[in-house]
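> Below are the sequence and a predicted model for it; my questions follow.
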Amino acid sequence: MKTGCAAQIGLPWLLASCAFAQGFGTNQVKWSLAVEPPSAAPGATVLARMSGQIDPGWHLYSLSTPGAIPTTIQLAPNAVVERYRLLQPPPRRTYDPNFQTDTETFENQVTFLVELELKRDAPPGAAELSLTARYQTCNDKVCIPPVRRTATATLTVDPAAETARVPTPPGYAEPRPGGAPNAISETASPRDQGWWVFLALAFGFGLATIFTPCVFPMIPITMSYFLNQQSGERRDAVRQAVVFCLG
């Protein structure tokens, strides 16, 4: 009996462990950062390209997805950038069975643009820019909890450099929460719908384990232990059993 129970409990645990090991042991998106132009004068505006190479079969969510957990990109504090804004290409909006709602996703490859306005008193010389992406990846069967990945690039502040503004590629727009374009992306905050779905699924699978052959027969045995106590009232025994089951 112990061997059978161990096999029944161990197999789902093993499969879950393998799924999580597969998700956490690999990085579904490889990020890189490039700055254009690589040299700029104080007060100029440069364009940073945060590019993600997404593994086949996986997708990540846009900065403005109405469902799931949207991608966020943050610039680490530095001595040369005054302010910045985010731009994204048009995402693919479809129904997502993982979250049972419409979501905006990118597959294969995506490049987010970050317009960086340099300080007028930015010190000359090389400065390291660091952008951190927080994102969730999913495939058709499983979603990986959000992770953070950082990419860096070097910008040279040169007072003698030309200050020509790099044009924004067509199709890019500032994201707005809920999928509507043309809003400031820094005001967007990560949504919690993905976590509520995850908690609901976790509770559902936990409830389903009650009906496994190793757990379900123990319920009447445990209840009878409380109901057949020699001391105390039957009502007290029922109360103890209910509390035990809820726990």
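Good, I have the coordinates.
> All the strands of the protein, in order from the start?
For the chain, the strands defined by DSSP state E occupy 29-36, 39-40, 45-54, 59-61, 72-75, 81-87, 92-96, 101-107, 109-118, 125-138, 143-157.
> Which elements pack onto the last one?
Applying 3 or more C-beta pairs under 8 Å, 6 or more residues apart in numbering; DSSP states H and E, we find strand 143-157 packed against strand 29-36, strand 39-40, strand 45-54, strand 125-138, helix 193-208. Backbone N, C-alpha and C define where each C-beta goes, glycine included.
> what's the average pLDDT for the second one?
Throughout strand 39-40, pLDDT has a mean value of 94.
> Just the residues contacting that strand, thanks.
Here strand 39-40 makes contact (C-beta atoms under 8 Å, 6 or more residues apart in numbering) with 46, 118, 155-158, 161, 163.
> ok, so of the residues you listed, who is nearest Pro175?
Nearest to Pro175 among the contacts of strand 39-40: Val46, at 20.4 Å, using C-beta to C-beta.
> Do I have it right that the closest one meets Glu36?
Yes: between Val46 and Glu36 there is a contact under C-beta atoms under 8 Å: 6.6 Å.
> which one of those two has more residues nearby?
Taking other C-beta atoms under 10 Å, Val46 and Glu36 do not tie; Val46 has more neighbours (24 against 13).
> Pull out the buried residues from stretch 148-155.
For stretch 148-155, a neighbour-count test (16 or more other C-beta atoms under 10 Å) marks 151, 153, 155 as buried.
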